[in-house]
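>>> I need the structure of the sequence given here:
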Amino acid sequence: MPIYETVFIARQDLSEAQVKTLTEAASKIIEDQKGKVLKTENWGLRTLAYKINKNRKGHYVLIESDASADAIIELERTMRINEDIMRYMTIKLEEPSKGPSVILDKNTGDDDTKDKKEAA
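Residues are numbered from 1 along each chain as shown. Coordinates of the predicted model:
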């Protein structure tokens, strides 16, 4: 089955427990369709580039899954009708990612590359 990466943004007024419940519900949809969740990352409450539905911030969550297209269609349909989810996006990956995402990996920032160039 293909590998998909889904990122969704939940409303800022939700608690961490409510965001976790949304993430578990999304994972359950994938698993019910005989897919497998490879990785889940909660990126926390982050400032948006522009207001969405009068919100300046949102809870970002990443789910990487090995699932069929039908599972992703069902997941996106559920996210579309859920009022707690402001935006979502799913992309197809060539292969599963290794390690944490760039957002969580503090060692791959621009400051790190500047330090390496100065040391050389």
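>>> For residue 62, list the residues it contacts.
5, 6, 7, 39, 40, 41, 43, 101, 103 (CB atoms under 8 Å, 6 or more residues apart in numbering). The C-beta positions use only the backbone N, C-alpha and C, and glycine is treated the same way.
>>> What is the subsequent helix or strand relative to the longest helix seen in the chain?
In the chain, with assignment by DSSP state H, the single longest helix is helix 16-32. Sequence-wise, the next helix or strand downstream of helix 16-32 (DSSP states H and E) is strand 36-52.
>>> Please identify the buried residues of the helix or strand following that next one?
Once strand 36-52 ends, the next helix or strand along the chain (criterion: DSSP H and E) is strand 55-66. Judged by neighbour count (16 or more other CB atoms under 10 Å), strand 55-66 contains these buried residues: 57, 58, 59, 60, 61, 62, 63, 64, 65, 66.
>>> Which one (most neighbours) among the contacts of residue 62?
With neighbours defined as other CB atoms under 10 Å, the most crowded of the contacts of residue 62 is residue 6; it has 20 neighbours.
>>> Would you mind listing the residues in contact with it?
For residue 6, the contacting residues are 26, 62, 63, 64, 65, 72, 75, 88, 89, 90, by CB under 8 Å, 6+ apart.
>>> beta partners of the one residue sitting closest to the centre of the chain?
Centrality entry for the chain: nearest residue to the mean C-alpha point is residue 62, 1.7 Å, by CA atoms, centre = their mean. Applying DSSP bridges to residue 62 yields these beta-bridge partners: residue 7, residue 41.
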